[in-house]
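S.K.: Let's see this in three dimensions:
(one chain, ligands or ions: 2)
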Amino acid sequence: MTDISTSAAETHVTDAHKFIAIDGPAGSGKSSVSKAVARTLGFGYLDTGSAYRALAWHVLDQGADTDDPETVRAAASAFPLTLGLDPDERTVLVGDVDVTEAIRDPRVSGAVSGVARVPEVRAQVNEMFRRLVAESSYPAVVVEGRDITTVVAPDAPVRILLTAAPEVRAARRAGELAGENAAAVAAALHKRDASDSAVVDFLNAAEGVEVVDSTELDFPQTIDAVLTVIERIQGAHRG
Ligand SMILES: Nc1ncnc2c1ncn2[C@@H]1O[C@H](COP(=O)(O)OP(=O)(O)O)[C@@H](O)[C@H]1O
Ligand SMILES: Nc1ccn([C@@H]2O[C@H](COP(=O)(O)OP(=O)(O)O)[C@@H](O)[C@H]2O)c(=O)n1
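M.R.: Residues are numbered from 1 along each chain as shown. Ligands and ions are numbered 1, 2, ... in the order given. As a prediction, the model looks like this:
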């Protein structure tokens with residue numbers, strides 16, 4: 001059980017070499033590509049967005065307002081989250097409740113930016129992410145989100161920004177949410193990116209971060225492109 005309420009203040013990464021850091025906007029392929037890369041390399045996989053989504057779910061479940069920072073801070077101080085690193089076991093629990101499916105609901109997607117903009121919450125979850133990676137028995141963990149290359153693990157040897165054109169990202173997300181109106185899905189995705197990018201910049205690569213643009217790549221090609229970057233950097237470190 002990983003309870004983010006027990007986290008201390010933010011500290012520096014001590015196990016930066018264990019991070020494969022991947023950032024990018026919604027629908028760029030971070031989750032699916034990171035998961036496949038982790039499986040291929042025998043690494044762990046950490047979907048940091050699921051922690052923010054689970055906290056948003058937790059606030060909504062209490063009937064509370066995700067746009068009120070005080071409410072969000074209070075919810076985060078008692079937030080029994082269970083999140084694992086196995087790319088083949090993606091169950092997310094809040095207490096005893098399995099929220100794996102519920103946190104993908106458009107209602108949660110629409111509320112999550114409010115939760116994610118509270119600085120104390122970011123510091124708390126970032127410490128949890130670093131602790132999960134440091135304590136894991138995996139040789140490395142593919143960690144994906146918005147601020148992994150810049151805030152959570154800026155010293156990681158492999159740092160990648162995974163991008164794709166906005167209309168391509170919107171079409172991919174709409175394809176996943178069968179039954180939802182494609183134009184509404186696209187509008188919600190762009191609105192969330194705009195809110196999120198006011199908090200951390202994941203649309204421009206920070207210095208030393210490699211860009212993989214998947215606009216013109218299919219899924220297997222995108223996995224290959226990311227694996228190529230990892231192998232090149234790890235090869236250079238070995239050599
Ligand atoms: N290069 C690609 N080409 C086509 N579809 C892709 C590609 N990368 C990811 N996808 C698909 O797009 C959708 C969104 O990807 P996802 O990994 O959930 O993105 P993110 O985690 O960045 O929001 C998924 O259905 C995924 O299978
Ligand atoms: N490192 C991260 C990861 C996610 N997030 C927040 O969590 C939300 C959900 O992230 P996600 O990765 O599940 O979103 P998708 O890209 O999968 O749509 C984002 O919209 C951000 O508000 C964040 O602020 N920082």
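S.K.: Would you mind listing what in the protein touches ligand 1?
M.R.: 24, 26-33, 172-173, 176, 214, 217-219, 222 (Cβ under 6 Å from any ligand atom). Every residue, glycine included, has its C-beta placed from N, CA and C.
S.K.: go again using 8 Å as the cut-off
M.R.: Neighbours of ligand 1 within the chain, by Cβ under 8 Å from any ligand atom: 24-35, 47, 49, 144, 162, 164, 168-169, 172-173, 175-176, 214, 217-219, 221-222.
S.K.: Now do the same contact list for the residue nearest the centre of the chain.
M.R.: Per Cα atoms, centre = their mean, the C-alpha nearest to the average position across the chain is that of residue 145, at 2.8 Å. Going by Cβ atoms under 8 Å, 6 or more residues apart in numbering, residue 145 touches 22-23, 30, 47-49, 152.
S.K.: what mean pLDDT does stretch 190-210 have?
M.R.: Confidence for stretch 190-210, expressed as mean pLDDT, is 96.
S.K.: I should have written stretch 82-98 there, sorry.
M.R.: Rounded mean pLDDT across stretch 82-98 is 97.
S.K.: and it with ligand 2, contact?
M.R.: No. Legend: contact between stretch 82-98 and ligand 2 by Cβ under 8 Å from any ligand atom is lacking; minimum distance shown is 10.6 Å.
S.K.: Residue 17 looks like it's in a helix, true?
M.R.: Yes. Using DSSP: H, G, I helix; E, B strand; the rest coil, the assignment for residue 17 is a helix.
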